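> What follows is a predicted structure for the sequence shown.
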Amino acid sequence: MPRHQLTIRDALAHLPGPRGERFAELFRHGTLSIEVYAPRTRDPQSPHTRDEVYVVVEGSGHFRNGGERHPFGPGDLLFVPAGVEHRFEEFTDDLVVWVIFYGPEGGEGDR
């Protein structure tokens, strides 16, 4: 995969991982980490230590972000601050998202 270009087709070739993982890190530069995530049936995530952004490539459903829950679909961008409980719920089996982690441990906070 070229260093400065990621395609969803190439990203999905990394899934599932050797132990059945439904995510794969594809790029890292400084604090920036880019992953692909394609859960099936349920989303077992727990809060992360860094801020993150999801960009929905395919699929739809509902997203729980702290105390909020809202529908999502292709093209949507979802932001989750570090340490916040979140997960995809009632999602279609074709769900694929880019995951972008960035910033310091504990998140950037409100700057």
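That came through, no problem.
> how about the strands in this protein?
Along the chain, the segments classed as strands by DSSP state E run 23-29, 32-37, 51-58, 61-65, 68-72, 77-80, 86-89, 96-102.
> could you give the angle of the third one to strand 68-72?
Counting by axes from the mean of the first three to the mean of the last three C-alpha atoms, to 10 degrees, strand 51-58 lies at 30 degrees to strand 68-72.
> Next, the residues that contact strand 51-58 from outside, please.
With contact meaning C-beta atoms under 8 Å, 6 or more residues apart in numbering, strand 51-58 is reached by 8, 37, 63, 72-82, 94-103, 107-108. All C-beta atoms are positioned from the backbone trio N, CA, C, and that covers glycine.
> Filter these down to the buried ones.
Buried members of those, counted by 16 or more other C-beta atoms under 10 Å: 37, 63, 72, 78, 80-82, 95-103, 107.
> centroid residue for the protein?
V99 (3.2 Å; C-alpha atoms, centre = their mean).
> got a pLDDT number for it?
With respect to pLDDT, V99 scores 98.
> partner residues bridging it?
Beta-bridge partners for V99, by DSSP bridges, are E35, Y54.
> give the contact list for it.
V99 neighbours (C-beta under 8 Å, 6+ apart): F23, I34, E35, V36, Y37, E52, V53, Y54.
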